[in-house]
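A.B. asks: sharing a sequence plus its predicted fold:
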Amino acid sequence: MDETLKSLKEILGQVADLEASVAVLEWDQQTYMPPGGADGRSMALSTVSRLAHESFIDDRVGELLSALEPGLASLDPDSDEARLVRVTRRQYDKARKVPAQFVAEFRRVTSLSFQTWQEARVRSNFALFRPHLERVVEMRRQYAGFFAPYDSVYDPPLDDHEPGMKTAELKAIFEALRPRQVKLIQAIAEKPPVDDSLLRLNYDEAKQWDFGMEVAKSFGYDLSRGREDRSAHPFTTGFNTGDVRITTRLDRNYLPEGMFGTFHETGHALYDQGLPQRLERTPIARSLSYAFHESQSRTWENLVGRSRPFWKHYYPRLQAYFPEQLGSVDLDTFYRAVNRVVPSFIRTEADEATYNLHIMLRLDLEMAFLEGRLAVADLPEAWASGMREYLGITPPDDKVGVLQDVHWSTGAVGYFPTYALGNLLAAQLWEKAQSDIPDLSKQIERGEFRDLLAWQRENVHQHGGKYEPMELIVKATGTPLTPEPYLRYLWAKYGEIYGL
Ligand code: ZN
C-alpha cells in the first residue's frame with residue numbers, strides 16, 4: 001500500500017503545483033498585469049489549467065485509487081490516508097466527466113469575460129459584457145449536462161462549492177431564514193435611522209491601509225507568509241501555507257469598504273495559513289468548502305470586527321489615525337454607525353441584517369438563467385425588479401446593479417449561496433467558541449485574539465478538506481447546520497442597537 005500511496009501522492013503533488021501556478025497567474029492578472037496582457041494571459045491560463053486537469057484525470061490515478069481502496073477497510077476511516085483516498089476518488093470521478101477540451105475553453109472564455117467585465121463595470125455598460133456572459137451561461141449549462149441526471153441543473157455547480165449539498169436543501173434553509181430576516185429588517189425600519197455620515201468623510205487611503213494591516217496582524221495574519229495588494233474586487237489566494245495573499249479595495253470617501261474588507265480577507269487568510277502542512281500538495285490541503293471558508297472571514301469581519309468589545313479596544317487607535325474625522329465622535333456613535341442597517345445597492349457593503357437578501361436575489365437569478373427561464377439580455381431588468389422586491393430600492397445604473405460582482409464573469413455560478421451559508425456556519429461556530437472560551441469577550445476587549453484563533457485552528461483549520469462540510473459542523477459544534485444561532489445573534493445585536 002505504501003508504494004501505491006506514494007505514487008498517487010506524486011501525481012497529486014504535480015497537479016497541486018500546476019494549480020498553484022494557475023493561482024499565481026490569476027493573482028497577477030487581478031493585481032499588476034497591464035490591460036494589454038489579457039489575451040496572452042488567457043492562453044497561458046488555459047494551457048496550465050488543461051495540464052492540471054489532464055494530469056488529474058489520467059487513467060493512472062484511477063488505477064492507483066482502485067488499488068488502494070480495498071485496503072481502506074483496515075484503516076481508521078478518519079485517518080489522513082483514508083480521507084485522502086476518499087476525497088480524491090470523489091473529485092476524480094467528477095473531473096473524469098468533464099472533457100479537458102471543455103476545461104481549456106472555459107478557462108479561455110472566462111479569462112476574456114473577466115477582462116471585459118472590468119471595463120464594463122467601470123463604464124456601467126452591460127451591453128459590452130452581455131455576449132461574454134451569454135457564453136459563460138451556455139457553458140455552465142453544458143457543464144451541468146456532464147453530470148446528468150440530476151434533480152436540479154443547479155446541483156452540479158452547487159456541489160463544486162459545497163460538496164454533497166443539494167439545491168433542494170439549500171432552498172429549504174433559505175425559506176426558513178427569509179421570513180424571519182425580513183421581519184427583523186421591517187422592525188428596524190420602524191425605528192429612527194442611524195446616521196453614518198461620519199464614515200463618509202475624507203479618509204486618507206494610506207492611513208486606511210495601515211490601520212487595516214495593524215488589525216490584520218493582531219488577528220494573527222503572518223506577513224512572513226503573506227502580503228496585501230490592491231485589486232478591483234478584494235480576494236484571498238493561497239499558493240501554499242507559506243504564501244497566502246490578500247487584496248483590498250479602498251475608498252477615500254467610505255471608510256468601511258477597505259477596513260471591513262481587510263478584516264474579511266484576513267479571516268480567509270488565517271484559514272489558509274492554518275491548513276495542515278502535512279497535507280500540502282494533496283487535494284485535502286484546502287478548505288472543505290466555500291461556505292466554511294466564508295464562515296471564517298465572517299467571524300473576523302463581523303462577529304469580532306463589528307462587535308462592541310472589539311471597538312472598545314480599537315476605536316482609540318482608529319481615532320489616533322483619523323483625529324480630524326473621529327476625534328470628537330464617541331464610541332457609541334461610531335459603533336452604531338458601523339452597524340447601521342439600511343437597504344443598499346452593493347452586496348459587499350451590505351450590513352449583516354440585509355446581506356442575505358442580496359444573496360437570495362442572486363440565487364433566484366442564477367437559477368433562472370441556468371434553467372433557461374431568464375435570458376441574459378433581460379438580466380439588468382430582472383436585477384432591478386428583484387432589488388425592489390427584496391430591498392425596496394432600484395439601482396440607478398448597472399455599475400451598482402448587475403455589474404457589481406466579479407463572480408459570473410469568472411464563470412462562478414453556485415458560489416453566491418455559500419456567502420449566506422457562511423454567515424450561518426459562523427454564528428453556529430461562534431456560539432460554541434464562546435462556550436469553550438468563557439472570557440472571549442473580555443479577551444477581545446483587550447485586543448487579544450490568540451485563543452479564538454487557536455480554537456479555529458483546532459476545530460476547523462487543521463482538518464483541511466478531510467471532511468464534508470456538513471460532517472465537520474457536527475464534529476465542531478455537536479449539531480447539524482441550523483439558522484437558529486444566526487437569527488439569535490442578529491436579533492440580540494440589533495435588538496440592543498435599535499431598541500427592538
Ligand atoms: Zn469572502
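C.D. replies: Nice, thanks for sending it over. Numbering: from 1, shown residues only.

A.B. asks: any idea which helix or strand comes after the helix or strand where Thr262 lies?
C.D. replies: Following DSSP states H and E, one finds Thr262 within helix 255-273. Moving toward the C-terminus from helix 255-273, the first helix or strand encountered (DSSP H and E) is helix 290-298.

A.B. asks: after that next one, next one along is what?
C.D. replies: With DSSP H and E, the next secondary element past helix 290-298 is helix 308-321.

A.B. asks: any low-confidence regions in this protein?
C.D. replies: 1 (pLDDT under 70).

A.B. asks: could you pull out the strands for it?
C.D. replies: 226-230, 236-240, 243-248 (DSSP state E).

A.B. asks: so which of those strands is the most surrounded?
C.D. replies: strand 243-248 (a mean of 22; mean count of other C-beta atoms under 10 Å). Yep, even glycine has a C-beta here, placed from its N, CA and C like the rest.

A.B. asks: from the chain's centre, how far out is it? Work that out for me.
C.D. replies: From the chain centre to the centre of strand 243-248 is a distance of 13 Å (C-alpha atoms, centre = their mean, to the nearest Å).

A.B. asks: neighbouring strands for that strand, and are they parallel or not?
C.D. replies: strand 226-230 (parallel), strand 236-240 (antiparallel) (DSSP bridges).

A.B. asks: any chance of those in JSON lines, plus distance to Val61?
C.D. replies: Compiled in JSON lines, these are given as follows (distance: least, C-beta to C-beta, whole Å):
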{"stretch": "strand 226-230", "distance to Val61": "32"}
{"stretch": "strand 236-240", "distance to Val61": "21"}
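
A.B. asks: out of these, which gets nearest to Val136?
C.D. replies: strand 236-240 (21.0 Å; C-beta to C-beta).

A.B. asks: list the contacts of the closest one.
C.D. replies: 20, 23-24, 26-27, 244-247, 265, 268-269, 272-273, 275, 280-281, 297 (C-beta atoms under 8 Å, 6 or more residues apart in numbering).

A.B. asks: any of these buried? List them.
C.D. replies: 20, 23, 26-27, 244-247, 265, 268-269, 272-273, 275, 281, 297 (16 or more other C-beta atoms under 10 Å).

A.B. asks: please report how far the closest residue to Phe211 other than its chain neighbours lies from Thr262.
C.D. replies: Computed as C-beta to C-beta, 6 or more residues apart in numbering, the closest residue to Phe211 that is not its neighbour in sequence is Tyr321, at 5.0 Å. Using C-beta to C-beta, to the nearest Å, Tyr321 is found at 13 Å from Thr262.

A.B. asks: neighbour count for these two, which is higher?
C.D. replies: Thr262 (30 against 15; other C-beta atoms under 10 Å).

A.B. asks: which residues does the nearest residue to that one once chain neighbours are set aside contact?
C.D. replies: Using C-beta to C-beta, 6+ apart and skipping the chain neighbours, the partner closest in space to Thr262 is Gly212 (3.5 Å). The contact partners of Gly212, by C-beta under 8 Å, 6+ apart, come to 228, 248, 258-259, 261-263.

A.B. asks: closest to Ser55 out of those residues?
C.D. replies: Glu228 (32.1 Å).

A.B. asks: and that closest one, what are its bridge partners?
C.D. replies: According to DSSP bridges, beta-bridge pairing links Glu228 with Ile246.

A.B. asks: what residues does stretch 353-366 touch?
C.D. replies: Under C-beta under 8 Å, 6+ apart, the answer for stretch 353-366 is 154, 170, 174, 177-178, 181-182, 184-185, 188, 341-344, 347, 350, 374, 379, 382-383, 386-387, 390-391, 405, 408, 413-414, 416-417, 419-420, 423, 490, 494.

A.B. asks: now swap in stretch 199-209 and tell me
C.D. replies: So stretch 199-209 is contacted by 228, 248, 250, 252-256, 258-259, 321-322, 325, 337-338 (C-beta under 8 Å, 6+ apart).

A.B. asks: what do you get if the cut-off is 10 Å, keeping everything else the same?
C.D. replies: Stretch 199-209 has contacts (C-beta atoms under 10 Å, 6 or more residues apart in numbering) with 210-211, 228, 230, 248, 250-259, 262, 318, 320-322, 324-326, 329, 334, 337-338, 340.

A.B. asks: brilliant, that's me finished.
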